[in-house]
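**Student:** compute the structure for the input listed below.
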Amino acid sequence: MDYSVNYLAVLVSAVLAFGIGSLWYGPLFGKAWQKELGYSEEYLREGNMIQIFGISFLLTLVMAFGMAFLFHVIDASKVNWLVGLSHGFYIGVAFIVTSMGVTYQYERRSFKLWAINSGYQLVFLMVMGAILGAWH
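**Tutor:** Predicted structure coming up:
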């Protein structure tokens, strides 16, 4: 089995996922997310942004590599953007959205916070899958 990976597709999908996060937690849902967590502007500014963004990007790259490797169990001639989008959706719903839901139940976090955070994960995994599928 060929385990070659399109590194450019992995990088582009991770960068786009990161970009979606800046929109998601910025103008789209940033204030609602901040309110649900009880974070003040001052508290958010106190964070080490280089560490937060750096580690987040590295972890996003790991997810992109993971999804790229998953496409190797499928007949390569059948992998396209739609297959990738579907895989991102299935992975997002079956593993991310559900596991976050379990954690949020025990942590007694709000449904709204769960929807914001898991929604972001689902959307970026679908975009990531579409890119990886298109460039497979």
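
**Student:** CA atoms for contacts and neighbours, from now on please.
**Tutor:** OK.

**Student:** so where is the protein shaky, pLDDT-wise?
**Tutor:** 1-3 (pLDDT under 70).

**Student:** all the strands of it, residue numbers only.
**Tutor:** Using DSSP state E, no strands are found in the chain.

**Student:** spatially central residue in it, please.
**Tutor:** Residue closest to the average C-alpha location in the chain (Cα atoms, centre = their mean): Gln121, at 3.8 Å.

**Student:** now that one. Nearest residue, chain neighbours left out?
**Tutor:** In space, and not counting its chain neighbours, Gln121 is closest to Gly92: 6.7 Å by Cα to Cα, 6 or more residues apart in numbering.

**Student:** any idea how far stretch 52-62 is from the chain center?
**Tutor:** Mean-position distance between stretch 52-62 and its chain equals 10 Å (Cα atoms, centre = their mean, to the nearest Å).

**Student:** circling back to that earlier point, what about the residue nearest to Gln121, how many residues nearby?
**Tutor:** 22 (other Cα atoms under 10 Å).

**Student:** pretty sure it contacts Gly129?
**Tutor:** No - Gly92 lies out of contact with Gly129 (Cα atoms under 8 Å); the separation is 10.4 Å.

**Student:** neighbours of Tyr113, how many?
**Tutor:** Actually, residue 113 is Leu rather than Tyr. Burial of Leu113 is recorded as 18 neighbouring residues (other Cα under 10 Å).

**Student:** so it versus Val5, what's the distance?
**Tutor:** 35 Å (Cα to Cα, to the nearest Å).

**Student:** residues in contact with Phe89?
**Tutor:** Contacts for Phe89 (Cα atoms under 8 Å, 6 or more residues apart in numbering) come out as Leu122, Val123, Leu125, Met126.

**Student:** I'd like the residues you listed as JSON lines, with neighbour count and distance to Leu44 appended.
**Tutor:** Shown next, in JSON lines, are those (neighbours: other Cα atoms under 10 Å; distance: Cα to Cα, whole Å):
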{"residue": "Leu122", "neighbour count": "20", "distance to Leu44": "24"}
{"residue": "Val123", "neighbour count": "19", "distance to Leu44": "24"}
{"residue": "Leu125", "neighbour count": "30", "distance to Leu44": "26"}
{"residue": "Met126", "neighbour count": "25", "distance to Leu44": "28"}
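
**Student:** alright, that wraps it up for me.
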